[in-house]
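Peer 1: mind looking at a prediction? Sequence and model below.
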Number of protein chains: 2
Amino acid sequence: MSLSLYEVSVPALIRGLENLSRQIDKAAAYAQENGLNGDEFVQARLAPDMLSLAGQVQRASDTAKFGGARLSQGQAPSFADEEATLDELKARIAKTVDYLRGVQAKDVDGGDKREIRFKAGQRELQFVADDYVRNYLLPNFYFHLTTAYGLLRHKGVPLGKLDYLGNIQAA
Amino acid sequence: MSLSLYEVSVPALIRGLENLSRQIDKAAAYAQENGLNGDEFVQARLAPDMLSLAGQVQRASDTAKFGGARLSQGQAPSFADEEATLDELKARIAKTVDYLRGVQAKDVDGGDKREIRFKAGQRELQFVADDYVRNYLLPNFYFHLTTAYGLLRHKGVPLGKLDYLGNIQAA
């Protein structure tokens, strides 16, 4: 038995984005309870040359939507990187999830050995599809989710690992 | 075509740990070039109630070794959480990789629907093996890798995304 390329990719992207959206809700609630402007979190960074929270959410969104599109040979929607508030970040996530829900397993599966090429910054990258999922899509997606989580924690938002992992089953 | 449970798990764990080890080399080099004590990085944190770099590396190691053991119905080696220097963190990673290299695909594959139960903190968790990989093992592993990376970046170590992703192919 084994996992299809769809099963190891698209559901994990949707799940991670939904977990991220709930963390942003908690950040907004924390700001309100403490008389802070939650939208200032949007520009927070862990290092001066790292992306802000907005950037981390935008890259998580792009990683996910381009992942879905590349794997299904579809066309990802275009989103301007203009989000400046927590609500706008949540809307970006919701649009990304909407797109991913439309990606069909039948369009992904069977393409495990398809070539995937794209530009990342100045570099042109080339993968076989299954390596793309394992060595780029998933690590890169979780990178941006975790950095967003770390930024919110660094700003004092009371989050725990389960906010990142989402709903897991107690025995 | 599809991916076996081994193919989506153990190689990614080895790869991620090896990338982390190379980042620690760069942290040591950065400290030396700048007259810093690199071993002080070992206690750095992003938030007072988050784990230190040592804790992130130890949890990445544990997540990986227990992942390999649970999936193969094997026994993970026991490591005391006593690392206090960058070199000791590298040794912990190397021991973890050694263990994972011994995990056999034949002992993992076919067990996709096996039940996996374990304690995480106070909670007892229960998964079917393929959900364990997708919803716990990989996100949790990349969480600790990314937080370790973010800590080193926060401390000024000059790392880039490719240090985290590791060797990916240019087209």
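Peer 2: Yep, it's here.

Peer 1: contacts and neighbour counts: CA atoms only from here.
Peer 2: OK.

Peer 1: CA atoms only: put the helix ranked longest in chain A into CSV for me.
Peer 2: Secondary structure of chain A per DSSP state H: the longest helix is helix A:10-33. Taking C-alpha atoms only, helix A:10-33 is exported to CSV below (Å, rounded to 0.1, in the frame of the first residue of the first chain):
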residue,chain,number,x,y,z
VAL,A,10,-2.7,18.9,-1.3
PRO,A,11,-4.6,17.9,1.9
ALA,A,12,-1.5,18.8,3.9
LEU,A,13,-1.4,22.3,2.3
ILE,A,14,-5.1,22.9,3.1
ARG,A,15,-4.7,21.7,6.6
GLY,A,16,-1.6,23.8,7.3
LEU,A,17,-3.2,26.9,5.9
GLU,A,18,-6.3,26.4,8.0
ASN,A,19,-4.2,26.0,11.1
LEU,A,20,-2.4,29.3,10.2
SER,A,21,-5.7,31.1,9.8
ARG,A,22,-6.7,30.1,13.3
GLN,A,23,-3.4,31.3,14.7
ILE,A,24,-4.1,34.7,13.1
ASP,A,25,-7.5,34.7,14.9
LYS,A,26,-5.7,34.1,18.2
ALA,A,27,-3.2,36.9,17.4
ALA,A,28,-6.1,39.3,16.8
ALA,A,29,-7.7,38.3,20.0
TYR,A,30,-4.5,38.7,21.9
ALA,A,31,-3.9,42.2,20.5
GLN,A,32,-7.5,43.2,21.4
GLU,A,33,-7.2,41.9,25.0
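
Peer 1: for the closest residue to A:T85 other than its chain neighbours, grab the count of nearby residues.
Peer 2: In space, and not counting its chain neighbours, A:T85 is closest to A:D39: 4.8 Å by CA to CA, 6 or more residues apart in numbering or on different chains. A:D39 has 18 neighbours, counted by other CA atoms under 10 Å in any protein chain shown.

Peer 1: who's in contact with A:G74?
Peer 2: A:G68 (CA atoms under 8 Å, 6 or more residues apart in numbering or on different chains).

Peer 1: residues of chain A that sit close to chain B?
Peer 2: Contact residues (CA under 8 Å from any CA of the partner chain) of chain A with chain B: A:1-5, A:8, A:12, A:46-47, A:109-112, A:117, A:123-127, A:130, A:134-136, A:139-140, A:142-143, A:146-147, A:150, A:153-154, A:156, A:165, A:168-171.
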